[in-house]
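**Q** I would like to see how this sequence folds:
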Amino acid sequence: MTIRIEDTILKNLIYYEEFTRKTIPYIKVEYFSEPIDKIIFSQVKDFITKYNTLPTKESLLIEIGEDSNLNEEQFQLSSKKISEYFFDRDDKPELEWVVNSTEKFCQDRAIYNAVLESIQILDGENKTNKDKGTIPALLSDALSVCFDPYVGHDYIEDAEARYLSYHQVEERISFDLEFFNKITKGGLPRKTLNIVLAGTGVGKSLFMCHHAASCLSNGLNVLYVTLEMAEERIAQRIDANLMNITMDELEQIPKESYDKKIGRIKNMVKGKLIVKEYPTASANVNHFRNLINELKLKRRFTPDIIFIDYINIATSSRLKFGNSVNSYNYIKSIAEELRGLAVEYDVPIVSATQTTRSGYTNSDLGLEDTSESFGLPATADFMFAIISTEELEDLGQLLVKQLKNRYNDPSMHKRFVIGVDRSKMKLFDLEDSAQVDLIERTNQKKGTKMPWGKKKEEDDIPSFDIGTDNRMSRKKDFSEFSF
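**A** Numbers count the residues shown, from 1 in each chain. From the prediction side, this is the model:
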């Protein structure tokens, strides 16, 4: 007589507590194919969840007898099998063997169920109306089934491992801008959500396109999702950045010269850049997840960093905006879903948000100037504002102000200036004297007139204008991008 692994699992769940504690969180009722096995497992799991102890024979028989969903035949078969389990108690099996065997059973059944569901989706017979884009995620989840023995960090026992973690260099994706590396301790860590706050036309997309070009030049795979501009417009900005020519020149350059520059970029960069456009307010984290899975299957492309342009015109996969859902909860939900996506795929995500109407004319933005939802800065790991004034625009500069920083002390280099060349979609470092001048201006006495025309009151934040007589040159040239 063949012994089924299902019987071994169910029998040991009933009377082998150590095995039960290790395995029951990971076993699912859908892993069992026989209806009677499903019934018994459900009753055992429900009993343990409710009473935190193993069931007795009598308690299981009573619980099954009170289940109104069972017919008489199911009750009789379940009762008979439970009685056999308790009558046929052998010595406890070797724990490691039975745990490993149960894990293999769960893995095999998860893969089988995922393949079966994938076939139903392809045949249009899936009752949940899932589309083909969910198939890679189904198979990936099935292949990742495992019994995780880790149950937490022991403060005393794990002290040595904790000490080593303090001195371990965390992998980060660096900027090509000195002060951004300073305030982030070397760049953006993986599994994080990073937000740019700025007014319309100030430079949200410019910053993301510049950083995407920088990551591509450093050999990283970059995924740029645009919900606002067309794919070609994003690629055009990155063309201007990498080719070191103006946007106007791009529209006039001969095809032969353009192909030559693209060839040089191809030889220069080691990573890949994928730009994907979705209609405004039509895509959520499920669309992004399906895109990542399809890129992995169809192009063998796995992103190292993801840009979402931008968060306010994405949608939530959990909430539907309406009378019962306000903008605070809706935008916060989108931010939480994006951060979950960053954790799931082990990447940093960079996105942007608009300022409020009052923030658009404010020369000293704060978290309160975040449009639509204060829940966004509550969720983000790193958030900074990009500020532009007429005087800064004349100087070819942007002011950056830290708003939230989980990577470093946000009071360190709270404000700094960077150079901007809008015609080439480039950002660059300035001479150190530009930052010194910023500090001096920030420490001006109260009551002085601010250069953009606003007279400071007693509780105004100190001015941080840059004098028009201090036009700064680039700290480093970008000749390596010229052709």
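**Q** list the buried ones in stretch 185-195?
**A** Neighbour-count burial for stretch 185-195 flags G186, G187, L188, P189, R190, K191, T192, L193, N194, I195 (criterion: 16 or more other CB atoms under 10 Å). (Each C-beta comes from the backbone N, C-alpha and C, glycine too.)
**Q** would you turn these into CSV with secondary structure, pLDDT and distance to V269?
**A** Output for the buried residues of stretch 185-195, formatted as CSV (DSSP: H, G, I helix; E, B strand; the rest coil; pLDDT from 0 to 100; distance: CB to CB, whole Å):
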residue, secondary structure, pLDDT, distance to V269
G186, coil, 92, 21
G187, coil, 94, 18
L188, strand, 95, 19
P189, strand, 93, 23
R190, coil, 93, 21
K191, coil, 93, 25
T192, strand, 95, 24
L193, strand, 95, 26
N194, strand, 95, 22
I195, strand, 94, 26
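**Q** can you give me the helices in the stretch 351-483 of the chain?
**A** For the stretch 351-483 of the chain, the helices defined by DSSP state H, counting those that start in this stretch cover 357-360, 375-379, 390-395, 432-442.
**Q** Check the closest residue to L122 other than its chain neighbours and give its pLDDT.
**A** Using CB to CB, 6 or more residues apart in numbering and skipping residues adjacent in sequence, the residue nearest L122 is K132, 6.8 Å away. In this model, K132 is scored at 77, pLDDT.
**Q** how near is K132 to L139?
**A** 12 Å (CB to CB, to the nearest Å).
**Q** circling back to that earlier point, what about the residue nearest to L122, how many residues nearby?
**A** 11 (other CB atoms under 10 Å).
**Q** Could you give the backbone dihedrals for it?
**A** phi -60, psi -20 (degrees, to the nearest 10).
**Q** Touching, it and Q120? I think so.
**A** No. Counting by CB atoms under 8 Å, K132 does not reach Q120; the two are 11.4 Å apart.
**Q** Just flag the most distant two among the buried residues of stretch 185-195.
**A** G186 and I195 (19.1 Å; CB to CB).
**Q** Mean pLDDT lowest where, among the helices of the stretch 351-483 of the chain?
**A** Looking at the helices of the stretch 351-483 of the chain, the bottom one is helix 357-360 with a mean of 62.
**Q** list the contacts for T56?
**A** By CB atoms under 8 Å, 6 or more residues apart in numbering, T56 lies in contact with nothing.
**Q** That one and I156, how far apart?
**A** Taking CB to CB, one finds T56 at 38 Å from I156.
**Q** before we move on, the earlier item: and of the buried residues of stretch 185-195, the nearest to T302?
**A** Nearest member of these to T302, counting by CB to CB, is R190, at 12.5 Å.
**Q** Quick one, grab the pLDDT at the residue lying closest to the closest one once chain neighbours are set aside.
**A** Nearest residue to R190 in three dimensions, chain neighbours excluded: D346, at 5.1 Å (CB to CB, 6+ apart). On pLDDT, D346 comes in at 93.
**Q** And the strands in the stretch 301-450 of the chain?
**A** 305-309, 348-354, 382-387, 397-405, 415-421, 426-428 (DSSP state E, counting those that start in this stretch).
**Q** Of all the ones you listed, which one comes closest to V325?
**A** Closest among those, once you apply CB to CB, is strand 348-354, at 18.2 Å.
**Q** I'd assumed I308 was in contact with L223.
**A** No. Counting by CB under 8 Å, I308 is not a contact partner of L223; they are 9.2 Å apart.
**Q** Next one: I62 from Q43, what distance?
**A** Looking at I62 against Q43, where the rule is CB to CB, the gap reads 10 Å.
**Q** Comparing the two, which residue is more hemmed in?
**A** Remark: of I62 and Q43, Q43 carries more neighbours, 21 against 12, as counted by other CB under 10 Å.
**Q** Tell me which helix or strand the more buried one sits in.
**A** Element membership of Q43, judged by DSSP states H and E, is helix 35-51.
**Q** Helix or strand with the lowest mean pLDDT in this structure?
**A** helix 357-360 (a mean of 62; mean pLDDT, DSSP states H and E).
**Q** Low-confidence stretches in the stretch 251-400 of the chain?
**A** 322-323, 357-363, 371-373 (pLDDT under 70).
**Q** Quick one: distance of stretch 38-54 to the chain centre.
**A** 36 Å (CA atoms, centre = their mean, to the nearest Å).
**Q** Would you mind listing the buried residues in it?
**A** K38, I39, I40, F41, S42, Q43, V44, K45, F47, I48, L54.
**Q** Distance-wise, check the residue lying closest to H413 once chain neighbours are set aside relative to M383.
**A** Closest residue to H413 apart from its sequence neighbours, by CB to CB, 6+ apart: I183 at 5.3 Å. Computed as CB to CB, the I183 to M383 distance reads 12 Å.
**Q** now S33
**A** From S33 to M383 the distance is 50 Å (CB to CB).
**Q** who's more crowded, the two?
**A** Per other CB under 10 Å, whichever of S33 and M383 has more neighbours is M383, with 24 against 11.
**Q** Quick one: residues contacting the residue nearest to H413.
**A** Contacts of I183 (CB under 8 Å, 6+ apart): Q402, N405, Y407, N408, P410, M412, H413.
**Q** And the buried ones among the residues you listed, selectable in PyMOL?
**A** The following PyMOL line selects those of the contacts of I183 that are buried, judged by 16+ other CB under 10 Å:
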select buried, resi 402+405+407+410+413
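**Q** List just the nearest of the contacts of I183 to E17.
**A** The closest of the contacts of I183, once distances to E17 are taken by CB to CB, is Y407, at 44.1 Å.
**Q** Relative to L10, how far out is the closest one?
**A** For Y407 relative to L10 (CB to CB), the value is 49 Å.
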